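Asks: I need the structure of the sequence given here:
(chains A and B)
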Amino acid sequence: MVDVAVVGAGQTKYGNHPLGLKGMWSEACDAAFTSIDGDFSPKSVDECIIGSVAFGGSQLGNTAAILTEHSGMNGVSTRRVENACASSGFALRDGVMAIKSGHADVVVVGGIEKMNDLTPERKRFWLGVSGDTEWERLAGLTFPGTYAMMARRHFHEYGSTHDDLVHIAVKNHEHGSANPKAHIQKQIDFDKGKSGFMIADPLTLYDCCPTSDGASCVVLASSDIAHRLTDTPIWVQGSGSASDYLALHDRPSVTELAASKIASRKAYTAANCNAMDIDFAEVHDCFTIAELMATEDLGFVSKGSGGEFASEGRGRLNQGDVTINPSGGLKSKGHPLGATGTGQVVEVFNQLRHQVDQNRQVDDAERALTHNVGGSGATCAVHIFGRERRGN
Amino acid sequence: MEIEHWQGYLAMPIPEGVVIQSPFGLSQTPVFGSDSDHTTLAIAALEYLLSNNIDVTSCSMPEGVDAMAICAATGISHDDNEPEWNLLVGDDALVVCARKEVKEIPHIDIVVDVDSEFHEAMREAWRMEMEPTNISQGAYVSRAQYEESMKARLGMMGQSSDDGFIWPPRQRDKEGTVMTGSPVEIGTGGTIHSWTTLSAAGAPSEFALRAPLLGGITSALVDLNSGPRGVFLLVDDEDCPLDFGIEVELVVRRIYAQDGFIRYGRKARVVQA
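Replies: Predicted structure coming up:
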């Protein structure tokens, strides 16, 4: 059985990046390639799979080809994967499957988005392009609105409150403040978190992730050659993905993401573990309510207990059952759509190798989970990583 | 004549017909609300007649109304040669739908005086939105895509399956079976499942010109009485505190304009007790 290891990972700083697509991708690849301990040549890559929404339309067609060309991989088989905000989570899954199928030994997976070089008017056209355009968009919804409806309904059905969401924002800003790659490296206190102006009632500014530029890159290798490239590979123990109805109104429940539940169950099964075995998780907190629901959908707490989990600080770094978003999450680290999924893997790679600054290191980190959601939950990819080659 | 409130408008029955007028006025002249026009008033007029069990199968339609939208919403046919009913519109915000010739169009007393600056700003926003140069640079609903779903969107036509009604219509049911069979009326009543008010900054760009004037836009997830769920903009919600389970009716209003034509749709309107 071929297993898959992460042997290198790197990213740009997220935020308002001075470089364009080519420059950012080149920078992320450099960071990933130089993180590889052994001899590595980009020319040895069998496949390069890049996730991107191509936000703004600056390079809608053949995005992957031009990026591969500008990162020393000209000639390598390449393609772009688009699954909204989960684009690179699915690029990662495609890379894992390429190696497991025996068709590739070394695969570069990554993601990229340039969001902040658009005029405000053009940016507004692009935000929300991944919802159900024909029905939701014509009803005035973009993702803040969609997640706001989920939040309001969750409050109603389970008694969670906006204060619970503020606790999530405060935690993620605290985590992100120590992450040198984060878009917003600034802590906020509870009062500040409560005082944000309204974006989509009940969600305020501090419930929403920023729009970020960024690129991330991960190098995968088969178990046959991983040890030639590094002494400390991080193993992909499980991969799961799923889809769901795109429009909120077609789903039986709006207080959970069915795709997250299904994808995580598949990943746990593949890794032969369960939620209690996870030391930390990078979850898709595009909005604070998304993290609250993720803690439930991924099985860290029972349905309806996500608010309590948040307000009791049980996801804070090294203070609770499981650390949630040690990077700061999308909320603080930033959310360059296509780059987010493999950006989560960069954090996992460094944390599991115990290579982040001590003040933000998850203690005794052995196993981690990434959770990457497309839009309001129509697609989801979940991966489980460990220092050990296989699961339990 | 008795005046009734109907779908956010004023309705006055006349012999073999009805007058539908906007409740808003400027200097005693009826003017349109922020998302109404002669087409939405005409649909309200025809739905008024139909709801009173008056048989309406064909109607003439003057210039200035969107005949395709009216037909899709009401199910009646457009006939300018030998119509059973005539639709009359003037410069003001009212329409008459009558079987006989109407010599004098009556006005109804204005209920709400509108702020003239707001009214003018909204008119200007719609004018700019209607410019052919106002095009999408991202998410886009083409004319063809809009027209494909018009009967579902405006006429609330859905599908019937073993598990109940389906709306909006689907190619296949949840088991993957191809949907066949005649479209069925889903109805326009429902209750609020959840809702949000998007600030002007959070609203889609299609609403960028009008959302700041309105102080944001409110959308609701509605449990239709017939079973399915849908998402709709709210209308006439300024003084309506929203809550879970409150009753709404779906009425036709303008949604937005792009490429030089208006997209119409159903909006949710709180049914006052």
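
Asks: check contacts around B:Ala45.
Replies: Residues in contact with B:Ala45 (Cβ atoms under 8 Å, 6 or more residues apart in numbering or on different chains) are B:11, B:18-20, B:87, B:95-97. (Glycine included, C-beta is placed from N, CA and C.)

Asks: so for stretch B:122-140, mean pLDDT?
Replies: Across stretch B:122-140, pLDDT averages out at 90.

Asks: give me the distance from it to the chain's centre.
Replies: Distance, stretch centre to chain centre, for stretch B:122-140: 19 Å (Cα atoms, centre = their mean, to the nearest Å).

Asks: now stretch A:94-111
Replies: Per Cα atoms, centre = their mean, the centroid offset for stretch A:94-111 relative to its chain is 19 Å.

Asks: ok, now stretch A:161-177?
Replies: Distance, centroid of stretch A:161-177 to centroid of chain: 17 Å (Cα atoms, centre = their mean).

Asks: near chain B at all, it?
Replies: No - applying Cβ under 8 Å from any Cβ of the partner chain, one finds stretch A:161-177 separated from chain B by no less than 12.9 Å.

Asks: can you list contacts of the helix or strand of chain A with the lowest mean pLDDT?
Replies: When the helices and strands of chain A are scored by mean pLDDT, DSSP states H and E, helix A:120-126 comes last with a mean of 83. With contact meaning Cβ under 8 Å, 6+ apart, helix A:120-126 is reached by A:55-57, A:115, A:118, A:211, B:136-139, B:204-205, B:208.

Asks: of all the residues in it, which ones are buried?
Replies: Judged by neighbour count using 16 or more other Cβ atoms under 10 Å in any protein chain shown, the buried positions of helix A:120-126 are A:123-126.

Asks: which one among the contacts of B:Ala45 gets closest to A:Lys333?
Replies: B:Ile20 (54.5 Å; Cβ to Cβ).

Asks: mind checking the SS state of the closest one?
Replies: Counting by DSSP: H, G, I helix; E, B strand; the rest coil, the backbone at B:Ile20 sits in strand.

Asks: how close does it get to B:His78?
Replies: Computed as Cβ to Cβ, to the nearest Å, the B:Ile20 to B:His78 distance reads 18 Å.

Asks: what's near enough to touch A:Phe40?
Replies: Listed by Cβ under 8 Å, 6+ apart, the contact partners of A:Phe40 are A:7-8, A:33, A:219, A:229.

Asks: again, 10 Å this time
Replies: Applying Cβ atoms under 10 Å, 6 or more residues apart in numbering or on different chains to A:Phe40 gives the contacts A:7-8, A:32-34, A:106, A:219, A:221, A:228-230.

Asks: neighbour count for B:Ile20 and B:His78, which is higher?
Replies: Each of B:Ile20 and B:His78 has its neighbours counted (other Cβ atoms under 10 Å in any protein chain shown); B:Ile20 has more, 27 against 15.

Asks: from chain A, how far off is the more buried one?
Replies: Distance of B:Ile20 to chain A, given as Cβ to the nearest Cβ, to the nearest Å: 24 Å.

Asks: what pairs with that residue across the strands?
Replies: For B:Ile20, the beta-bridge partners are B:Ala11, B:Val95 (DSSP bridges).

Asks: need the contact list for it.
Replies: B:4, B:6-7, B:9-12, B:38, B:40-48, B:93-97, B:108.

Asks: before we move on, the earlier item: counting neighbours, which of the contacts of helix A:120-126 comes out on top?
Replies: B:Pro204 leads the contacts of helix A:120-126 on contacts (other Cβ under 10 Å) with 27 neighbours.

Asks: touching, it and A:Thr146? I think so.
Replies: No - using Cβ atoms under 10 Å, B:Pro204 is not in contact with A:Thr146, being 11.5 Å away.

Asks: show me where the stretch 101-250 of chain A has strands.
Replies: Assigned by DSSP state E, counting those that start in this stretch, the stretch 101-250 of chain A shows strands spanning A:106-113, A:198-200, A:203-204, A:214-222, A:234-243.

Asks: out of those strands, nearest to B:Asn53?
Replies: B:Asn53 lies closest to strand A:198-200 among the strands of the stretch 101-250 of chain A, at 41.8 Å (Cβ to Cβ).

Asks: which stretches of the chain form helices?
Replies: Going with chain A. With helices called from DSSP state H, chain A shows them at A:21-34, A:63-69, A:87-100, A:120-126, A:143-158, A:162-177, A:190-194, A:226-229, A:258-271, A:288-297, A:306-311, A:329-332, A:340-352.

Asks: switch to chain B, please.
Replies: With DSSP H as the criterion, chain B has helices spanning B:38-51, B:67-74, B:116-129, B:143-148, B:150-153, B:211-214.

Asks: just checking, what packs against the lowest-mean-pLDDT helix or strand in chain B?
Replies: One helix or strand of chain B scores below all others by mean pLDDT, DSSP H and E: strand B:112-113, with a mean of 91. Applying 3 or more Cβ pairs under 10 Å, 6 or more residues apart in numbering or on different chains; DSSP states H and E, we find strand B:112-113 packed against strand B:24-26.
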